[in-house]
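Engineer: the following comprises the amino acid sequence and a computationally predicted model.
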Number of protein chains: 4
Amino acid sequence: MAKASRDTRADYRAFSDITTRWMDNDVYAHVNNVVYYSWFDTVVNGHLIEQGVLDYAAGQTVGLVVETGCQYFAPISFPDRVRGGLRVARIGNSSVRYEVGLFRNGDDEAAAQGHFVHVYVDRATRRPVPLPDALRAVLQALMVE
Amino acid sequence: MAKASRDTRADYRAFSDITTRWMDNDVYAHVNNVVYYSWFDTVVNGHLIEQGVLDYAAGQTVGLVVETGCQYFAPISFPDRVRGGLRVARIGNSSVRYEVGLFRNGDDEAAAQGHFVHVYVDRATRRPVPLPDALRAVLQALMVE
Amino acid sequence: MAKASRDTRADYRAFSDITTRWMDNDVYAHVNNVVYYSWFDTVVNGHLIEQGVLDYAAGQTVGLVVETGCQYFAPISFPDRVRGGLRVARIGNSSVRYEVGLFRNGDDEAAAQGHFVHVYVDRATRRPVPLPDALRAVLQALMVE
Amino acid sequence: MAKASRDTRADYRAFSDITTRWMDNDVYAHVNNVVYYSWFDTVVNGHLIEQGVLDYAAGQTVGLVVETGCQYFAPISFPDRVRGGLRVARIGNSSVRYEVGLFRNGDDEAAAQGHFVHVYVDRATRRPVPLPDALRAVLQALMVE
């Protein structure tokens, strides 16, 4: 069960702030592993909304999540604050692989890092569609080599 | 079903910032009513931790929640930001009534407001105990007339 | 801070089963107070869907939550199972007051009980509308004196 | 982005029932991808508690989650019911790889499937410890080839 190497902030292209919540902590007094995925969602969709390329109420295309994964390196606990880093690792015809790093308080090394694959489909037919051009431009700005 | 009058920021004594999450939104694209209570918990316990009067891992007393309630005036949606206001309305021998107002983005009127009653018990016996002096001092600073 | 008397199963008219989840437990190893409200939502909307009077994707009317409240009498912990009881206490022109009792495993006394007020509005205009007849009939079957 | 082949119920060794909740549904009216992980946690820890090998309040060893992942094949929506299947794919000296399949209502093919790696550590020192014998026996009964 080989661990990926731990990312630092410099490995990401866009950032957002996340506040932890009392109920994020589980019986062991650390944020439960599930909650990290709610932050992935938030970092990805928050950036897309801010850039004007996600209109979840009326947009013609919808990003379906087909795969997610996370590696956990160090605990986070309420009332820690979290900084979420975002990058794009791969852009396909209809799909995108986002990668997210989560940084605890002022830490430079990620407490956890993971990925999130979206396939873009037509809202009505649920068939894959090519990534819209405006979205593709936002994704390219997040690409890392 | 009479509505309480809507509070403004001036009605509260301490504040904290809350970031919304993608999954807070429900099928109607507004933050689900349940999530507001996770913010109450966060505002109350966050303030107590910051003031040094809540040690949830090792403290001898535990605040049990015996009653909560909320009135909803206006929707909040991800990616809105929320400012939580906190005050204390009543201090008993073993219990406290906290009141929390939730303010959307820059709004001065509360989007929702509610209350939260803690009874302090001994961690082992679960019997009510008098509020510790240090906690009582923090609570008194939050009291409103 | 007077407590309501604790209900029993006989005080409710319709029931549904709820399974607890690992992450429902908080640092004190009991289900967090917030989670109970997610069960209220589930009991109310689950019954309405089952009875064919809630179509959240396409229905013309939407039930907005304007007030909720809960009293907590005894802890629930994962992996307990919960039985949710539902009744209606008041039916207005556009609004309904639901009451929900939560019963732990085989207990006859409620671990918690609360209420939940829906105002029905037009999906587009968000203005209150009279309760549809089919919904009103379902609600009347849940009324208690 | 190759998809794993979709499992069926016969690929799993132990099962538990999960009820969905109203707030599990996101703005697209499907259970949010995050919630699936709360079910993984529940299936794994629920089985360990039922088998008498997890005492989260007092046990000397704690299972830390170091890696999780999920592939999503078909949507689940409230009020669907879910059946969670559990198997063990690898048992190390201090670690275990659990695999979980999630089956919607009566479906034989998984709606989603994923994994969950626990490393067992001493509660106080947080250093890895060998899997306790009683736990190892329970895990071996869940092993698949």
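Structural biologist: Cool, got the structure.

Engineer: where does the residue nearest the centre of chain A fall, phi/psi-wise?
Structural biologist: Of all residues in chain A, the one closest to the mean position by C-alpha atoms, centre = their mean is residue A:40, 3.3 Å from it. In terms of degrees, to the nearest 10, the main-chain angles of residue A:40 are phi -60, psi -50.

Engineer: and the pLDDT for it?
Structural biologist: Turning to residue A:40, the model gives it a pLDDT of 98.

Engineer: dump the residue contacts of it.
Structural biologist: Applying C-beta atoms under 8 Å, 6 or more residues apart in numbering or on different chains to residue A:40 gives the contacts A:68, A:70, A:84, A:98, A:100, A:114, A:116. To be clear about C-beta, it is placed using only N, CA and C from the backbone, and glycine gets the same treatment.

Engineer: enumerate every residue touching residue A:93.
Structural biologist: Residue A:93 is in contact with A:128, A:130, A:131, counting by C-beta under 8 Å, 6+ apart.

Engineer: over to residue A:31?
Structural biologist: Contacts of residue A:31 (C-beta under 8 Å, 6+ apart): A:20, A:24, A:25, A:75, A:76, A:77, A:78, A:80.

Engineer: how about residue A:28?
Structural biologist: By C-beta under 8 Å, 6+ apart, the residues touching residue A:28 are D:56, D:62.

Engineer: how about residue A:55, secondary structure?
Structural biologist: Here residue A:55 is recorded as coil under DSSP: H, G, I helix; E, B strand; the rest coil.

Engineer: next, count neighbours for it.
Structural biologist: 11 (other C-beta atoms under 10 Å in any protein chain shown).

Engineer: then residue A:134?
Structural biologist: By the criterion of other C-beta under 10 Å, residue A:134 has 11 neighbours.

Engineer: what about the contacts of residue A:93, which are in strands?
Structural biologist: Assigned to strands by DSSP state E, none of the contacts of residue A:93 qualify.

Engineer: show me which of those residues is closest to chain C.
Structural biologist: Distance ranking of these against chain C, using C-beta to the nearest C-beta, places residue A:128 first at 22.0 Å.

Engineer: any idea what whatever residue of chain A ends up closest to chain D is bridged to?
Structural biologist: Minimum separation of chain A from chain D (C-beta to the nearest C-beta) falls at residue A:69, amounting to 3.6 Å. Applying DSSP bridges to residue A:69 yields these beta-bridge partners: residue A:115, residue D:69.

Engineer: OK, contacts around it?
Structural biologist: A:114, A:115, D:67, D:68, D:69, D:70.

Engineer: rerun at 10 Å
Structural biologist: Listed by C-beta atoms under 10 Å, 6 or more residues apart in numbering or on different chains, the contact partners of residue A:69 are A:37, A:40, A:99, A:113-117, D:67-71, D:114-115.

Engineer: thinking again about what came up before, of the contacts of residue A:93, buried ones?
Structural biologist: In the contacts of residue A:93, burial by neighbour count holds for A:128, A:131, counting by 16 or more other C-beta atoms under 10 Å in any protein chain shown.

Engineer: okay, the contacts of residue A:31 in CSV with secondary structure, distance to chain C and pLDDT next?
Structural biologist: Output for these, formatted as CSV (DSSP: H, G, I helix; E, B strand; the rest coil; distance: C-beta to the nearest C-beta, whole Å; pLDDT from 0 to 100):
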residue, secondary structure, distance to chain C, pLDDT
A:20, coil, 13, 98
A:24, helix, 9, 98
A:25, strand, 5, 96
A:75, coil, 13, 96
A:76, coil, 14, 98
A:77, coil, 9, 97
A:78, coil, 9, 97
A:80, coil, 14, 98
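
Engineer: give me the subset of those touching chain B.
Structural biologist: Among the contacts of residue A:31, proximity to chain B is found for A:20, A:24, A:25, A:77, A:78 (C-beta under 10 Å from any C-beta of the partner chain).

Engineer: residues touching the second one, list them.
Structural biologist: Put plainly, it is residue A:24. Residue A:24 touches A:30-32, A:34-36, A:38-39, A:76-80, A:82, B:38, B:42, C:23, C:26, counting by C-beta under 10 Å, 6+ apart.

Engineer: so which of the residues you listed are in strands?
Structural biologist: Those of the contacts of residue A:24 mapping onto strands are residue A:82, per DSSP E.

Engineer: where's residue A:74, which helix or strand?
Structural biologist: For residue A:74, there is no enclosing helix or strand under DSSP states H and E.

Engineer: low-confidence ranges in chain A?
Structural biologist: A:1-4 (pLDDT under 70).

Engineer: the same query, at a cut-off of 80, please.
Structural biologist: Applying pLDDT under 80 to chain A flags the ranges A:1-4, A:145.
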